[in-house]
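Q: Sequence and predicted structure, then a few things I'm wondering about:
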Amino acid sequence: MAQQANHPLPGGHQLEEYTIERQLSLGGFSIVYLASDPSGKQVAIKEYLPNSLALRSKGDIKPVITVDHLGAFRYGMKCFFEEGRALAHLSHPNVIRVLNFFRANDTVYMVMEYEHGRTLQEFIQKHQGHISERFIRGVFTRMLNGLREVHSNKLLHLDLKPSNIYLRNDNTPVLIDFGAARQTLLTDQPILKPMYTPGFASPEHYGTRKDLGPWSDIYSVGASMYACLAGNAPQAADARLKKDTLMPAMARWDGQFSDRLLEIIDWCLNLNHLYRPQSVFALQKALVETITPPHPKSNPNWFGRIVDRFRNPVK
Amino acid sequence: MRFTIYQESRQGGRHNNEDRTTYCYSRDALLVVVADGMGGHHYGEIAAQIAVQTLADTFQREARPLLTDPFRFLQKGMSNAHHAILDYASRHRLLDTPRTTCVACVVQDSIAYWAHAGDSRLYLMRNGKVQAQTRDHSRIRLLLEEGLINEAQAAEHPDRNKIYSCLGSPTPPEIEFSRKTPLDHGDILLLCTDGLWGVTSGDLMAVALKGANLVQAVPMLLHQAEIKGGPHGDNASVVAVRWEDAYVEDASSAISTQTMTQDEVTTKLDEFGRNPAYKSDLTDDEIEKAIAEIRSAIDKYNPAR
């Protein structure tokens, strides 16, 4: 099916009590607008509008949803509700806050807080390859606080990537876009494939998805940290499963960053989910440990060194 | 009490069907309702659903097996529905209340009693002619009556869909009641929304339904309405009843209520969103429920609003 781009609601459009200012982003499943509430406060409004199922042409307000697609459209709406539900139950400074949820124009809308800042993706692109270890540790440790909160609510984010990590102006991270945060996505709706982003999705994202767990989000955290160093996404997990050409962080940036950080990245990016940190807490603990100068290379391969480190913990 | 009844609703060219129909009967009384949720207003279908549901529920409670006062029942039922819609709007903090037209008819002891608000119509047809019909609560009907415009102009008039009375509007509805109308054997009561009468005249329908099997003739009328309505045609819904005197022997598809017990009430009402037009497993009230749930979670976990 041809993918048509949906036209956003026009600036100045009055959507319930909110006034649309402009479009912030356009995705395959939704459009995000910058809007202002009656008190003039800026908010982000996410509109459920899957490209393949609903079409809004220029000048229209209500999208056209053909009868054939109504079932799939409603099914996708369920997923949108999952996102809303997921976020509404979370109240954490490192997780985006939902302010309102309503139905209009034959579809549904989620109102979220809006703050000035940029995504980690934009930050990476701007500082291509020149991101300090201190910055990475700082951002990720705090971001993981948010992720811990997500996991403790028995939810998985499932679409963690630098463009879903928003940095406020003071560089505190906020997890945004929980569009994939759902427990199960059945495959009986081929038109709404589970979504993931190549490079950041774990191997468990592909295939039957029955092994998805906190470790899957942790893979994505590892991939995001890798992207901070590399400036672009690591090799996609499905390609890695066939022929792994991803250079371990430990080998690629040896000496430029602390061994501990590089180890952690490689640890998270392990293809076997059982060999990754099993919980966000374990990962966080590793991240906040005091940075120690590199040891003499007693063990020739990087994995052996990690094992050594576990055998002889630094006192 | 003996009658044949048929109800159907077509979505037409619209994205959703905001029409609702229902009928229910006890041993000695019959209730028929048609409501047209108003497009342009949000949640029109919810208003329509509340209207038919409220009337059906009241009927089930009160028709044991006769209604003590049909007009009072209609008056109470429709104004309760009106307030139920307003309550829904305030509970869900809607800026604009959902609205619906409503036409309802009770038949008991072979006498018909009806009431309406808005421009959904009831026709009483006898021998292929329209015997009586409701007068729309629309500006256009007033203009017609004053002779300011003729029928042809009315059909094209930009204000032809504007109505001055409906359930759910902040101003209380103007409910108009019929007289007590005795029914003859073979009389047809047809309740329909503007999706049908807007494209087919009452006289034409009366001819089409005369002596015909309702189960075949009514879908044909709707089919024609859909074609005339075109790709953007309105929802068209209808409930048609052919009244049959108890002591006349015929029609096998007729419903006879003689065998029903005193307290039994049968209701034919599509569940909310379980209309054949919906192919999804997510119904409208599930959507409403999900939204309500999310909102309450927001209030609970993020109270600083």
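A: Great, that's in hand. Numbering: from 1, shown residues only, chains lettered A, B, ... in the order given.
Q: Could you pull out the strands in the chain for me?
A: Just going to use chain A. A:14-15, A:18-26, A:30-36, A:42-48, A:98-104, A:107-113, A:117-119, A:165-168, A:173-175 (DSSP state E).
Q: right idea, wrong chain: chain B
A: So, for chain B - with DSSP E - the strands run B:2-10, B:19-25, B:29-37, B:100-108, B:111-117, B:121-126, B:129-133, B:176-177, B:181-182, B:188-192, B:236-244, B:255-256, B:266-269.
Q: The closest residue to A:Leu283 other than its chain neighbours: neighbouring residues, count only.
A: Closest residue to A:Leu283 apart from its sequence neighbours, by CB to CB, 6 or more residues apart in numbering or on different chains: A:Pro277 at 4.1 Å. For the C-beta atoms, the positions are set from N, CA and C on the backbone; glycine is no exception. Neighbour count for A:Pro277, taken as other CB atoms under 10 Å in any protein chain shown: 22.
Q: Tell me who's in contact with A:Pro277.
A: Listed by CB atoms under 8 Å, 6 or more residues apart in numbering or on different chains, the contact set of A:Pro277 reads A:Trp215, A:Ile218, A:Trp267, A:Cys268, A:Leu283, A:Ala286.
Q: Give me the buried subset of these.
A: Neighbour counting by 16 or more other CB atoms under 10 Å in any protein chain shown classes A:Trp215, A:Ile218, A:Trp267, A:Cys268, A:Leu283 among those as buried.
Q: Tell me which of the residues you listed fall in helices.
A: Residues from the buried ones among the contacts of A:Pro277 lying in helices, with DSSP state H as the criterion: A:Trp215, A:Ile218, A:Trp267, A:Cys268, A:Leu283.
Q: Hmm, the first one is touching A:Tyr275, no?
A: No. Judged on CB atoms under 8 Å, A:Trp215 makes no contact with A:Tyr275 at a distance of 9.1 Å.
Q: how about the helices in chain A?
A: Going by DSSP H, chain A shows helices at A:67-88, A:120-126, A:133-152, A:214-230, A:237-242, A:249-252, A:259-268, A:280-288, A:302-311.
Q: Ok, the stretch 51-200 of chain B next?
A: All helices of the stretch 51-200 of chain B, identified by DSSP state H, counting those that start in this stretch, fall at B:70-91, B:139-145, B:151-156, B:194-197.
Q: With respect to burial, which of these scores highest?
A: Stretch with highest mean neighbour count among the helices of the stretch 51-200 of chain B: helix B:194-197 (a mean of 26; mean count of other CB atoms under 10 Å in any protein chain shown).
Q: quick one: low-confidence ranges for the stretch 151-300 of chain A?
A: A:179-196, A:208, A:290-300 (pLDDT under 70).
Q: Least reliable of the helices of the stretch 51-200 of chain B by average pLDDT, please.
A: Note on the helices of the stretch 51-200 of chain B: lowest mean pLDDT is at helix B:151-156, with a mean of 79.
Q: by contact count, what packs against it?
A: Using 3 or more CB pairs under 8 Å, 6 or more residues apart in numbering or on different chains; DSSP states H and E, the elements in contact with helix B:151-156 are helix B:139-145.
Q: any idea how far the helix it packs on is from the chain center?
A: Centroid displacement of helix B:139-145 relative to its chain, using CA atoms, centre = their mean, to the nearest Å, is 22 Å.
Q: What residues does the stretch 51-200 of chain A have near chain B?
A: For the stretch 51-200 of chain A, the residues in contact with chain B (CB under 8 Å from any CB of the partner chain) are A:62, A:64-65, A:67, A:70-71, A:73-75, A:77-78, A:81, A:84-85, A:88-91, A:97-104, A:106, A:108.
Q: Now the buried members of the residues you listed.
A: Among those, the ones that count as buried by 16+ other CB under 10 Å are A:65, A:70-71, A:73-75, A:77-78, A:81, A:84-85, A:88-91, A:97-103, A:106, A:108.
Q: With adjacent residues omitted, what lies nearest to B:Ile188?
A: In space, and not counting its chain neighbours, B:Ile188 is closest to B:Met125: 4.2 Å by CB to CB, 6+ apart.
Q: before we move on, back to that, highest mean neighbour count out of the helices of chain A?
A: When these are scored by mean count of other CB under 10 Å, the highest mean neighbour count falls to helix A:214-230 (a mean of 24).
Q: tell me the angle of that helix relative to helix A:280-288?
A: Relative orientation of helix A:214-230 versus helix A:280-288 (axes from the mean of the first three to the mean of the last three CA atoms, to 10 degrees): 30 degrees.
Q: who does helix A:214-230 touch, helix- and strand-wise?
A: helix A:120-126, helix A:133-152, helix A:249-252, helix A:259-268, helix A:280-288.
Q: Of those helices, give the one that comes closest to B:Ala225.
A: helix A:133-152 (51.9 Å; CB to CB).
Q: for the record, mean pLDDT for stretch B:96-112?
A: Per-residue scores along stretch B:96-112 average to 91.
Q: And A:Arg252, how far from chain B?
A: With distances taken as CB to the nearest CB, to the nearest Å, A:Arg252 is found 42 Å from chain B.
Q: Got the domain ranges for chain A?
A: Under the assignment automatic domain parsing, the domains of chain A span A:14-113, A:117-311.
Q: From the chain's centroid, how far away is the first one?
A: Which is domain A:14-113. Averaged C-alpha coordinates place domain A:14-113 at 18 Å from its chain's average position (CA atoms, centre = their mean).
Q: Kindly report the same for the longest one.
A: Here the centre of domain A:117-311 is set off from its chain's centre by 10 Å, with CA atoms, centre = their mean.
Q: nearest to B:Tyr43, of the domains of chain A?
A: Nearest of the domains of chain A to B:Tyr43, taken as CB to CB: domain A:14-113 at 7.9 Å.
Q: what's the straight distance from one end of the closest one to the other?
A: Counting by CA to CA, to the nearest Å, you get 18 Å between the two ends of domain A:14-113.
Q: Spatially nearest residue to A:Gln235, not counting backbone neighbours?
A: Nearest residue to A:Gln235, sequence neighbours excluded (CB to CB, 6+ apart): A:Leu246, at 4.5 Å.
Q: same check, this time on A:Gln128
A: Using CB to CB, 6+ apart and skipping the chain neighbours, the partner closest in space to A:Gln128 is A:Gly231 (4.5 Å).
Q: Now do the same contact list for the one you found.
A: The contact partners of A:Gly231, by CB under 8 Å, 6+ apart, come to A:Ile124, A:Gln125, A:Gln128, A:Gly129.
Q: where does the stretch 201-305 of chain B have low pLDDT?
A: Residues of the stretch 201-305 of chain B that meet the criterion pLDDT under 70 lie in B:246-254, B:256, B:258-259, B:261-263, B:267-281, B:302-305.
Q: at 80 what do you get?
A: Applying pLDDT under 80 to the stretch 201-305 of chain B flags residues B:245-282, B:301-305.
Q: Could you check how many residues crowd around A:Arg209?
A: Per other CB under 10 Å, the neighbour tally for A:Arg209 reads 16.
Q: How much space separates it from chain B?
A: In terms of CB to the nearest CB, A:Arg209 sits 21 Å off from chain B.
Q: So the residue nearest to B:Ile188 sits against B:Leu191, correct?
A: No. Judged on CB under 8 Å, B:Met125 makes no contact with B:Leu191 at a distance of 11.7 Å.
Q: Convert the C-alpha atoms of stretch B:100-118 to CSV, please.
A: Extracted in CSV, the C-alpha atoms of stretch B:100-118 (Å, rounded to 0.1, in the frame of the first residue of the first chain):
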residue,chain,number,x,y,z
THR,B,100,-29.8,13.8,19.3
THR,B,101,-33.2,13.8,17.7
CYS,B,102,-35.7,11.3,19.0
VAL,B,103,-39.0,9.9,17.8
ALA,B,104,-40.7,7.3,19.9
CYS,B,105,-44.0,5.5,19.5
VAL,B,106,-46.0,3.3,21.9
VAL,B,107,-48.8,1.0,20.7
GLN,B,108,-51.1,-0.7,23.1
ASP,B,109,-54.7,-1.8,22.8
SER,B,110,-54.4,-1.0,19.1
ILE,B,111,-53.9,2.6,19.8
ALA,B,112,-50.7,4.5,18.8
TYR,B,113,-49.1,7.2,20.9
TRP,B,114,-46.0,9.0,19.7
ALA,B,115,-43.8,11.9,20.5
HIS,B,116,-40.8,13.5,18.9
ALA,B,117,-38.1,16.1,19.2
GLY,B,118,-36.1,17.2,16.1
